[in-house]
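> Coordinates only, no sequence provided:
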């Protein structure tokens, strides 16, 4: 009986530890600092896309693809976000890579949102 109790306790502990290490990311969601979701209104998305086209922003090329959740290499210069991109994104910097604007947390250099 004692062995059964110890085995049940050990199994419960292992299951709890495995569950605590699991992270689920739902496609289409991105997170920023402190886990906040970034919402960009459609009119601002249009402004961002127009800005990149009109200013003929050259894409950044890196060995590894820049994706949400990844850190941008230190040799890549982060650009200031123009104020007309909307109030929810002005605290970030951006990188243009692979035909997408990547919003980056300047403190951690982590990509927090992708605008395609």
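Received, thanks. Just so we're clear, the structure is a prediction, and the values are computed from it rather than from any experiment.

> elements contacting the helix or strand hosting residue 52?
If you go by DSSP states H and E, residue 52 is part of helix 42-54. The helices and strands touching helix 42-54, judged by 3 or more CB pairs under 8 Å, 6 or more residues apart in numbering; DSSP states H and E, are strand 100-105, strand 110-115. All C-beta atoms are positioned from the backbone trio N, CA, C, and that covers glycine.

> buried sites along the first one?
Of all the residues in strand 100-105, those buried under the rule 16 or more other CB atoms under 10 Å are 100-105.

> ok, residues contacting that strand?
Residues from elsewhere that reach strand 100-105, judged by CB atoms under 8 Å, 6 or more residues apart in numbering: 32-33, 38, 48-49, 52, 66, 68, 72, 78, 81, 89, 92-96, 110-116.

> from what I can see residue 89 touches residue 41, true?
No - look at residue 89 against residue 41 with CB atoms under 8 Å: they stay out of range, at 10.4 Å.

> Which one's more surrounded, those two?
Shown here are residue 89 and residue 41; by other CB atoms under 10 Å, residue 89 has more neighbours (23 against 11).

> out of everything not next to it in sequence, what's closest to the more buried one?
Closest residue to residue 89 apart from its sequence neighbours, by CB to CB, 6 or more residues apart in numbering: residue 81 at 5.3 Å.

> hmm, back to that, and of the buried residues of strand 100-105, the nearest to residue 60?
residue 102 (8.8 Å; CB to CB).

> If I look at the closest one, what pLDDT would I see?
Listed pLDDT for residue 102 reads 95.

> now swap in residue 109 and tell me
Residue 109 carries a pLDDT value of 97.

> The one 4 residues further on now?
What the model reports as pLDDT for residue 113 is 94.

> Could you do residue 52 as well?
We have a pLDDT of 89 for residue 52.

> I'd like to know how many residues surround it.
Neighbourhood size, residue 52 [other CB under 10 Å]: 17.

> What of the one 3 residues further on?
The burial metric for residue 55, expressed as a neighbour count using other CB under 10 Å, is 10.

> Residue 115 contacts residue 50, correct?
No - using CB under 8 Å, residue 115 is not in contact with residue 50, being 11.8 Å away.

> If you count surrounding residues, which of those two has more?
residue 115 (19 against 10).
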